[in-house]
Every structure is written in structure tokens, then in C-alpha cells.
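1. 3D model of this:
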Amino acid sequence: MLFTMKLFPIRLLIISFFVILSCQKKEAAHSPMASASLWQHHDRYKEPSIKNRFFKHSDIVPLIEKHAASGLFRHEILGKSAQGRSIHHLSIGQGKIKVLLWSQMHGDEATATMALFDLFNFFSAKDEYDSLRSSLLGNLELHFVPMLNPDGAELWQRRNALDIDVNRDARNLATPEGRILMSIGKSLKPDFGFNLHDQSVYYTAGSTFHSATISFLAPAYNYEKNMNDIRERATQLILVMDRALQEKIPGKVAKYDDEHDPRCFGDNFQALGISTILIESGGFPQDTEKQHIRKLNFYALLTAFESIIKSSYTNESLSTYPRTAGFYMISLSAMYA
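-> Sure thing, here's the model as predicted:
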């Protein structure tokens, strides 16, 4: 039922003043960022040797060594997988804000790994975005662990060679891959963490017919799903990325299920004080190899990086972050995150 409300002129003037002031603040908070134009230039940085999702550990090691040899990236081998494959750590930047990104902890979830190599190429380039690069690398210290589960990638399976789901190993640490991730998380103590996954292409954005192409989540650190400063920062950053992606894939961005699981790394990292963001890559029409979604990951991450250095995410209101339903919520089971 709608009600019509009449206001006295003086009250109308006061309200109008605050509406204008609010709009000005909102416009400033949501002003275009330098990274926005990178959308149309992604092909410039797209790693040409990775053309589909089914690449192996042996395909990415030469690429890692190339970037390590350039002198731009710092490189170390964190350890080895259950079958003895090397797990690598690349880092770049000298800023005070630390960001850790890890991909492919499930071997058959390769979309974000492709995007990370595109990001490496972006940071290695010299072009009209030099000013943005300089600003990002002067304020951030970026740490990347691409392909955390190389044995799973070799067999194109979710679990590792021990038949353990690495993302359910944060508490027991029964896998070498899980121990490596927990070790770097605790030693670096990053301000932000990005947990990069793929989800089923059959997930939809709520009850719509739209695919959930990208889904976000700021994992809960307890069963009550409380919101502290750490989780709030992750949530606000999600809202920044959501706004950017809604312009590219309107109606296809979702919020992932946030039931607390104490076995999962995202939940544990959030509890450790790392503002952790889950990004799930789903389906997009005629994109079976997820090349368009690869581009979306590249764009979303650069948008997040720029928002972090500008602190623009702090202007986001948590009231716009759905508690149960999503921007559109995944309508199918989210048990396989």
C-alpha cells in the first residue's frame, strides 16, 4: 500500500539539501577509476600460450620462470605437492598493503589462474597505464600462488593426489598443499586475501534465467555470521567489484552461500584477520573455455586493487550487501565451493 506524503516548503528545502549532498558524496565514492578502461584492452595482456582451461603444471612453470627472470617479480618455490610438483610464489610491489591471491586449489578450477597470468603480463608491460602500475605497485605488495593443486590439475580433478579436498583441509592440514597455503597466510599476514575458484556453470543468479557468471562472498568467520571490521572490509570491496561487473554482465553477478565451515580456508583466513574474498567463476553463454570469464576476473581484480589503494571501498554501505539473497543469489546448492 502506497501513501502520499505532503511536506511544508521549509521541510522540503531541508530534505532537498541533504538529498543533493548525499548524491554528491555518492558520486564521489563511485567516480570512474583508471582501471575502468582496461576492459577494452585485456587482449593486449592476455597470455597467448594459455588458450583453454586444460593446461598443466608443465605449461605454467616456463611462464613463471620467464616472469621471475624479468627482475620485476620476486620468486620462490614454497614447497611441493603430494606428487612432487613445485608450488610457486610470485610477488611484486613495495607498498605497505599486502594482498595474497591463490588459485586452483581445486585442480579443475582453472579460470582465475589464466587471469593471474594476464595480470603478470599487465604488470610487465609499458604503456599508457604506467601511472596506474606505478601507483598500484607503490602502495601494494601483491603475492600470487597460481595453481596451488598441480596434481589435481594434472588429472583435471577437484581433489589432490591424496583424494583430499584442499579447501576442506584448513583445520587438519593433512595435505602438503594445505600446509603451504596456511604457512604463507600466517607468515605474510596480508591485509586482503583473494580465494579464486570456479563454480558449476548450472548455477543461476537467483530465480532468474541468468547464469551466475561471477559469484562473490566475504566468508563468515563464525557460525553466527557476525560482521567485524575484517569481514566488513571484504564485503565493501565486493560491492566495488559488483558495481564494475554489473556494467559488463548485468544480472549475472551473485552472492555465494555464506554458511560457516571451519574446515575451509576462506573462513579461517577471515578469522585470522585477513579480509578474504571468494570469487567463483561460473558460466557464460558460448564461453565453454571461460575466456570471457577470464577477462572478467582480470578486470575485477584490477578494480579491487585500485579501490584498495584509494580506500574508495570504505564509502560502500553494508546495507546494500544482501544477507541472504544475493545481488542475485545462487539458487542451486553451494556445497562444492
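
2. which parts of the stretch 151-300 of the chain are strands?
-> Per DSSP state E, counting those that start in this stretch, the stretch 151-300 of the chain carries strands over the ranges 192-198, 214-217, 253-255, 275-281.

3. residue ranges with poor pLDDT in the protein?
-> For the chain, applying pLDDT under 70 flags the ranges 1-32, 323-337.

4. let's see 80
-> 1-32, 206-207, 322-337 (pLDDT under 80).

5. doesn't Leu100 lie inside a strand?
-> Yes. Looking at Leu100 with DSSP: H, G, I helix; E, B strand; the rest coil, it is inside a strand.

6. for it, give the beta-bridge partners.
-> His143, Gly193 (DSSP bridges).

7. was I right about it contacting Phe194?
-> Yes. The criterion here is Cβ atoms under 8 Å, and Leu100 meets it with Phe194 at 7.3 Å. (Each C-beta comes from the backbone N, C-alpha and C, glycine too.)

8. can you list the strands of the stretch 151-300 of the chain in TSV and add distance to Ala68?
-> Shown next, in TSV, are those (distance: least, Cβ to Cβ, whole Å):
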stretch	distance to Ala68
strand 192-198	21
strand 214-217	30
strand 253-255	34
strand 275-281	25
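
9. which one of these is the most hemmed in?
-> Of the strands of the stretch 151-300 of the chain, the one with the most neighbours on average (mean count of other Cβ atoms under 10 Å) is strand 253-255, at a mean of 28.

10. and it, what does it pack onto?
-> Packed against strand 253-255, as judged by 3 or more Cβ pairs under 8 Å, 6 or more residues apart in numbering; DSSP states H and E, are the following elements: strand 214-217, helix 229-246.

11. please identify the most buried of the ones you listed.
-> Across those, averaging neighbours per residue (mean count of other Cβ under 10 Å) puts strand 214-217 on top, at a mean of 26.

12. now do that one: which elements does it pack against?
-> Applying 3+ Cβ pairs under 8 Å, 6+ apart, we find strand 214-217 packed against helix 229-246, strand 253-255, strand 275-281, helix 291-310.

13. how does it look with 10 Å?
-> Helices and strands touching strand 214-217, by 3 or more Cβ pairs under 10 Å, 6 or more residues apart in numbering; DSSP states H and E, are strand 192-198, helix 229-246, strand 253-255, strand 275-281, helix 291-310.

14. can you give me the helices for this protein?
-> 9-29, 42-45, 57-69, 111-124, 130-139, 150-155, 176-188, 229-246, 265-271, 291-310 (DSSP state H).

15. the nearest residue to Glu65 once chain neighbours are set aside: how many residues sit nearby?
-> Here the nearest residue to Glu65 in space, its sequence neighbours aside, is His75; by Cβ to Cβ, 6 or more residues apart in numbering that works out to 8.0 Å. By other Cβ atoms under 10 Å, the residues close to His75 number 15.

16. His75 reaches Ala69, doesn't it?
-> Yes. Contact criterion Cβ atoms under 10 Å: His75 and Ala69 qualify, at 8.7 Å.

17. which residues are in contact with the closest residue to Val99 other than its chain neighbours?
-> Nearest residue to Val99 in three dimensions, chain neighbours excluded: Phe192, at 4.7 Å (Cβ to Cβ, 6+ apart). With contact taken as Cβ atoms under 10 Å, 6 or more residues apart in numbering, Phe192 is in contact with 97-101, 140, 142, 230, 233-234, 237, 269, 274-277, 304-305, 308, 313.

18. likewise Asn268?
-> By Cβ under 10 Å, 6+ apart, the residues touching Asn268 are 170-171, 181-182, 185, 219, 221, 261-262, 274, 276.

19. one more time with 7 Å, if that's ok
-> Residues in contact with Asn268 (Cβ atoms under 7 Å, 6 or more residues apart in numbering) are Ala170.

20. please begin residue numbering at 564 from this point
-> In the new numbering, first residue 564, that becomes Asn831.

21. from Ala817, how far out is it?
-> Counting by Cβ to Cβ, to the nearest Å, the separation of Asn831 from Ala817 is 23 Å.
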